[in-house]
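Q: What follows is a predicted structure for the sequence shown.
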Amino acid sequence: MNKINIKGYGDELSINGLKIGDLSPSEHEKIEKEKGGQNYKPLENVVVSHVKDSSTLICRKPSNDSIKSYIEEELVDGLCCYSAVNQGQLNKEIVDAVVHHLKNEKLPTVPRSIRHKYMSAFLLASTAITEMDKVVPKVAGVESWELTFKLCRRWGYEVKKIPSNQCIIVGAQGNFHGRSVAAVSMSDDPDAKKNFGPFVPGIELVPFNDLEALKNLFEEKGEFIAAYCVEPIQGEAGVIVPDEDYWVNVKALCEKHNILLAMDEVQTGFGRTGANFAHQLYGVKPDLMGCGKAAGGGILPVSFVAGRKDVIDTLTPGSEGSTFGGYPLASVVGTYAIKVLVDKKLADNARIRGAQLISHYEDIMSEFSDKIKEVRGKGLLTAFEMYNETHLDGHKVSVELLNRGIYAKETHHSTVRIAPALTIEAWQIDNIAEQIRSVIKSL
Ligand SMILES: Cc1ncc(COP(=O)(O)O)c(C=O)c1O
């Protein structure tokens, strides 16, 4: 076996004598290309090093003097890990809770086959914030969706009495629920599916925000349909906000046909859209809801499914599980992620700062009406879409924003999503908007 010598922290962390603090951006890129799977295409010539404050990262860019060295620059975090860091980078209360529990409370790591005392805290906090009967903890966002999918099927067979193996789960076109086989089976993105088949059967898609299509499908196959599993606002699709009355009408349709409404709030939850959960903006309550991302306070992957008792109660011992789902550290982090969401009124700040950002977008759109086609958003889940022309390239916008100290990423060729931490301040929003204006002007 090869000898491996690992020591040090931070820049001094070294693997067989190679210190990570000595690596330039191009050397990091070389290692990632040689040693890592190429399932991402990160922005080039930039490597994030550490946190400056809740909305600012310190990154390393190539130095003009030598390809072997780098300079450090501030980067406003306009994406906050795809909404996993709603509470801000290294939120002090959450970090303090983690450090305190690990060091002073001697937090154990145990599986679910033995009770631990922190689970009660997490279940009490998570059922209270979601206003749901029961919660099942998981780890990654996709697992919350996967469990949602399974619960809908179980409920379909055991409560609705759909004939064996004939259950249908309905999804929306353009959805994104993660990368498991079930999630990509529901996806209609060819890149996410290519050569990963055969896919999970029993899935049908309708156009998002098209009530008529849903109604027709429910009328045709309603007795076999267990659930409509859907994002309340489609994030990865480019922040697609449905009509104001869509969800109320969907909920009524679901009730009429005894079909569950299961919402994936992995990206829209935890204050992101100006309410604790996006469905609250529309005055409806789903029967099941998946949460992830900011459920882990930007520190740890924590996810869960919250829902109606009769649906969650279809789970039986041995039918589901997860070694790290709700383990003590996740329970502490999950509880504090909720505490910060509530105490810091993050949803309110998202609503106020989101309105400020959208109003800037509207100004930019009227100034450059030949370039910006549409601006969209709820709270601090925002996007602007440019006309589909070669020079109006979302990737170029991301790169130019990076040159101006803002981290954002295009979702499709011509759409750029901005979703900063919910702790962001007014002057930082003005700064982001100013940089966007300057980039759009330059295109
Ligand atoms: C709506 C939604 N569901 C599920 C996921 C998957 O979450 P994860 O990447 O943590 O598995 C995402 C990730 O972007 C998402 O946006």
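A: Received, thanks.
Q: Is V250 in contact with K215, as I believe?
A: No. Taking C-beta atoms under 8 Å as the definition, V250 is not a contact partner of K215, at 9.4 Å. Quick note: C-beta positions are derived from backbone N, CA and C, even for glycine.
Q: Between those two, which is the more surrounded one?
A: V250 (24 against 17; other C-beta atoms under 10 Å).
Q: What are the buried residues along the host helix or strand of that one?
A: Element membership of V250, judged by DSSP states H and E, is helix 246-256. For helix 246-256, the neighbour count (16 or more other C-beta atoms under 10 Å) marks Y246, W247, V250, K251, L253, C254 as buried.
Q: got it, and stretch 45-60?
A: N45, V46, V47, S49, V51, K52, S54, S55, T56, L57, C59, R60.
Q: Might you report the residue contacts of the first one?
A: Right, the one you point to is N45. P25, S26, K61, P62 (C-beta atoms under 8 Å, 6 or more residues apart in numbering).
Q: What of the third one?
A: With contact set as C-beta under 8 Å, 6+ apart, V47 has these partners: L23, P25, H28, C59, R60, Y70.
Q: Report the two of those residues separated the most.
A: L23 and C59 (13.4 Å; C-beta to C-beta).
Q: Now for T411, how many residues are close by?
A: 18.
Q: Repeat that for the one 5 residues further on.
A: As a burial measure, V416 scores 25 neighbours (other C-beta under 10 Å).
Q: does T382 count as helix, strand or coil?
A: strand (DSSP: H, G, I helix; E, B strand; the rest coil).
Q: Equivalent analysis for A337, please.
A: A337 ends up helix, using three-state DSSP.
Q: picking that back up, and after the helix holding V250, which helix or strand comes next?
A: Immediately after helix 246-256, counting by DSSP H and E, sits strand 260-264.
Q: Could you check how far stretch 375-388 is from the centre of its chain?
A: Mean-position distance between stretch 375-388 and its chain equals 16 Å (C-alpha atoms, centre = their mean, to the nearest Å).
Q: so which of the contacts of V47 comes closest to W427?
A: C59 (20.6 Å).
Q: The closest one in helix, strand or coil?
A: Taking three-state DSSP, the label given to C59 is strand.
Q: contacting residues around it?
A: V46, V47, V48, S49, E72, E73, E74, L75, Y407.
Q: Likewise for Y361?
A: I372, V375, G377, T382, F384, A433, I436 are the contacts of Y361 under C-beta under 8 Å, 6+ apart.
Q: Partner strands of whatever helix or strand A306 lives in, with direction?
A: In this assignment (DSSP H and E), A306 forms part of strand 303-307. Strand 303-307 has the following sheet partners, assigned by DSSP bridges: strand 134-138 (antiparallel), strand 288-291 (antiparallel).
Q: And those: which comes nearest S144?
A: strand 288-291 (3.5 Å).
Q: sorry, back to before: the helix holding V250 - contacts with which helices or strands?
A: helix 211-221, strand 260-264 (3 or more C-beta pairs under 8 Å, 6 or more residues apart in numbering; DSSP states H and E).
Q: Now do the last one, average pLDDT.
A: Same thing as strand 260-264. Here strand 260-264 scores 98 as its mean pLDDT.
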